[in-house]
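Colleague: Provide a 3D model corresponding to the input given below.
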Amino acid sequence: MIYTVTFNPSIDYIVRMPRLEPGAINRVTYEDILPGGKGINVSIVLSNLGHESCALGFVAGFTGAEIVRLMQTSGAKSDFIQVAEGMSRINMKIKAAEETEINGIGPKILDSDIEALYARLDALKPGDTLVIAGSVPSMLPSDMYERIMGRLDGRGINIVVDAERDLLVKVLGYHPFLIKPNNHELGAIFGVELATRDDVVPYARKLQEKGARNVLISMAGEGAVLVPESGDVIMSEAPKGTVVNSVGAGDSMVAGFLAGYQESDGDYATAFKMGVAIGSASAFSAKLATRPEVEALLKTL
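Modeller: Residues are numbered from 1 along each chain as shown. Coordinates of the predicted model:
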């Protein structure tokens, strides 16, 4: 079973308009409401691919209830902790000549809520997969990633981490099954600029030396690279297509990798190919990609 954790889920209100004029009334030409959060995206894409998962995290208020409803509508299971105070955040994403985001705060999370999350994680079994993704909100301890991975250490659970800089580096000693920085995030860890697929390989190996088992690097238009624990390197150019919405493409790659890994009984090349296809398919779509879109792209790789 695959579980995902999103610490601060959101309702994403997405609008499009020709241009945004501050101080004036702006009328939109398109709008949509989606559940937001990196782990939530992974769960929805897994559902789109026909794989079961369960999304964990904290929700509150009427917006939290809507997140749960939207997850049900997408076919993805969830078991969120219902927080008593505050409401789940609303993030507004304005797509005009330039993209603008206005992000909400989120509910107040108590120690008892954190213990409730731990109880759900304690129920994971050997062979399960846990995806921890995104930033840690200010209402939680800054070392939440480390606390969770320390708690699950040695229990045979494959943990996937999709986070930036210190959040990622500090958990490498727990030997995560998969980490997925993009080339800019990888470069920021080491203070270098990484522009090509060949550039990222030695730095991916440095993360393996620190404890990561498999390192998957997304590179937008430059494609992607996988440095698996087997020692070889797998690369791919980016599939051809028009980018419509890059939000969720990296999360889709994680979901695709896990789906491909399960479907191929652990073949890294197949998992990588599926990850690249679903990541690109989501980027080429207004919403997170579906299985038919992925199958079409797989034929081009």
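Colleague: excluding chain neighbours, what is closest to Ile94?
Modeller: What sits nearest to Ile94 in space, not counting adjacent residues and going by C-beta to C-beta, 6 or more residues apart in numbering, is Thr100, at 4.3 Å. (C-beta placed from N, C-alpha, C; glycine too.)
Colleague: who's in contact with the closest residue to Arg291 other than its chain neighbours?
Modeller: Sequence neighbours aside, Leu49 is the residue nearest to Arg291 in space, at 5.5 Å (criterion: C-beta to C-beta, 6+ apart). Leu49 is in contact with Ala255, Gly256, Ala259, Ile278, Arg291, Val294, counting by C-beta atoms under 8 Å, 6 or more residues apart in numbering.
Colleague: so the residue nearest to Ile94 is in which element?
Modeller: strand 99-102 (DSSP states H and E).
Colleague: off-centre distance for stretch 7-27?
Modeller: 22 Å (C-alpha atoms, centre = their mean, to the nearest Å).
Colleague: oh, that last question was meant for stretch 158-167, not what I typed.
Modeller: 10 Å.
Colleague: next, the distance between the ends of that stretch.
Modeller: 18 Å (C-alpha to C-alpha, to the nearest Å).
Colleague: so what's Leu168 up against?
Modeller: Taking C-beta under 8 Å, 6+ apart as the test, what Leu168 contacts is Val161, Ile179, Pro181, Glu185, Ile189.
Colleague: please point out which parts of the helix or strand where it lies sit buried.
Modeller: Using DSSP H and E, Leu168 falls within helix 165-169. Buried positions in helix 165-169, judged by neighbour count with 16 or more other C-beta atoms under 10 Å: Leu167, Leu168, Val169.
Colleague: now pLDDT too, for these, in CSV please.
Modeller: Listed next are these as CSV, based on pLDDT from 0 to 100:
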residue, pLDDT
Leu167, 88
Leu168, 91
Val169, 91
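Colleague: just to revisit the earlier point, drop anything exposed from the contacts of Leu49.
Modeller: The buried subset of the contacts of Leu49 - by 16+ other C-beta under 10 Å - is Ala255, Gly256, Ala259, Ile278, Val294.
Colleague: secondary structure class for the second one?
Modeller: By that I understand Gly256. Here Gly256 takes the helix state, with states given by DSSP: H, G, I helix; E, B strand; the rest coil.
Colleague: that older thread, export the strand holding Thr100 as CSV, just CAs?
Modeller: Taking Å, rounded to 0.1, in the frame of the first residue of the first chain, the C-alpha atoms of strand 99-102 are listed here in CSV:
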residue,chain,number,x,y,z
GLU,A,99,1.7,33.9,-12.8
THR,A,100,0.8,35.1,-9.3
GLU,A,101,0.0,33.0,-6.2
ILE,A,102,-1.7,34.0,-3.0
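Colleague: how far off centre is it?
Modeller: 19 Å.
Colleague: the helix or strand that that strand is followed by packs against which elements?
Modeller: Next along the chain after strand 99-102, taking DSSP H and E as the criterion, comes helix 111-122. Where contact means 3 or more C-beta pairs under 8 Å, 6 or more residues apart in numbering; DSSP states H and E, helix 111-122 is packed against strand 2-6, strand 53-59, strand 81-82, helix 144-152.
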